[in-house]
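*Asks:* Predicted structure and sequence below. I'll ask about it afterward.
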Amino acid sequence: DGGITQSPKYLFRKEGQNVTLSCEQNLNHDAMYWYRQDPGQGLRLIYYSQIVNDFQKGDIAEGYSVSREKKESFPLTVTSAQKNPTAFYLCASKSRGTSYEQYFGPGTRLTVT
Amino acid sequence: AQSVTQLDSQVPVFEEAPVELRCNYSSSVSVYLFWYVQYPNQGLQLLLKYLSGSTLVKGINGFEAEFNKSQTSFHLRKPSVHISDTAEYFCAVSDANYGQNFVFGPGTRLSVLP
């Protein structure tokens, strides 16, 4: 079955620690995205990558970092510089071909105390 | 750049009643339009999309949407809702150039009451 996996589903960290969220896709999609969602809020774009070894900042990139060393993988690191890291994080991917929608993973809920 | 407005942040409706969730967009170029559904603590799932052709688009779970270019709208409708339709619904727009510049609306919470 093709799709996007995000692990873990729930993640707990102490304040001041960096944490990396995993996102893997086997859809052979070129583009991948990270969004943040807060309670009752819409989606805010953190980072996106159109191709391997290249990525761009989204609307709220401060305190986050990413890498895109493989087409299938786009991990997101939430650094200690992110002031309010507790949120629901969604990863998505999109083909650059004939399918124009974004496909989403199940999300990771990060709680920092 | 595109933008999306979903005027209703919350829509309560009784079971088996019809519902319309409104979406308006702004763009200087041709667009593709999408509706997604999000159940609690889950990712987003595509309901339907408009790329070209017929302005009435049918999607999964009995939903449909109509593209109105003159009113820059893409409202989502269902003739009879079920309790299981309770969820958050997001409208999204991208430009018609290979679907770049994907923008989501703020979402509408649909609550179906028994």
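*Replies:* Looks like it arrived, so ask away. Numbering: from 1, shown residues only, chains lettered A, B, ... in the order given.
*Asks:* So which residues of chain B form strands?
*Replies:* Ranges of strands within chain B are B:3-5, B:10-14, B:19-21, B:24-26, B:31-38, B:44-50, B:56-58, B:64-68, B:73-78, B:87-95, B:103-104, B:108-113, based on DSSP state E.
*Asks:* Next: chain A.
*Replies:* In chain A, the segments counted as strands under DSSP E are A:4-7, A:10-13, A:19-25, A:31-37, A:43-51, A:54-57, A:64-66, A:76-78, A:87-94, A:103-104, A:108-112.
*Asks:* Report all helices and strands that the second one contacts.
*Replies:* Using 3 or more Cβ pairs under 8 Å, 6 or more residues apart in numbering or on different chains; DSSP states H and E as the contact criterion, the neighbours of strand A:10-13 among helices and strands are strand A:19-25, strand A:108-112. No exception for glycine: its C-beta is placed from N, CA and C like everyone else's.
*Asks:* Report the rounded mean pLDDT for the last one.
*Replies:* The average pLDDT for strand A:108-112 rounds to 95.
*Asks:* for the first one, same thing?
*Replies:* Mean pLDDT, taken over the full extent of strand A:19-25, equals 97.
*Asks:* Ignoring the adjacent residues along the chain, who's closest to the most centrally placed residue in chain A?
*Replies:* For chain A, the residue nearest the mean C-alpha position is A:Trp34 (3.1 Å; Cα atoms, centre = their mean). Closest residue in space to A:Trp34, ignoring its immediate chain neighbours: A:Ile46 at 4.3 Å, by Cβ to Cβ, 6 or more residues apart in numbering or on different chains.
*Asks:* can you check B:Pro106 too?
*Replies:* A:Gly42 (4.1 Å).
*Asks:* distance of the one you found from B:Ala92?
*Replies:* Per Cβ to Cβ, to the nearest Å, A:Gly42 is found 10 Å from B:Ala92.
*Asks:* okay, now the residue nearest to A:Trp34: neighbour count?
*Replies:* 26 (other Cβ atoms under 10 Å in any protein chain shown).
*Asks:* close enough to count as contact, it and A:Ala61?
*Replies:* Yes: assessed by Cβ atoms under 8 Å, A:Ile46 is found in contact with A:Ala61 at 5.9 Å.
*Asks:* What count of nearby residues applies to B:Gly43?
*Replies:* Per other Cβ under 10 Å, the neighbour tally for B:Gly43 reads 21.
*Asks:* Nearest spatial neighbour of it, chain-adjacent residues omitted?
*Replies:* Nearest residue to B:Gly43, sequence neighbours excluded (Cβ to Cβ, 6+ apart): A:Phe104, at 3.7 Å.
*Asks:* Need the phi and psi values for residue 86.
*Replies:* With no chain named, the answer covers chain A. The phi and psi values for A:Thr86, taken as degrees, to the nearest 10, are phi -70, psi 120.
*Asks:* The residue nearest the centre of chain B and A:Gly2: what is the separation?
*Replies:* In chain B, the residue lying closest to the centroid (Cα atoms, centre = their mean) is B:Trp35, at 3.5 Å. Distance of B:Trp35 to A:Gly2, given as Cβ to Cβ: 22 Å.
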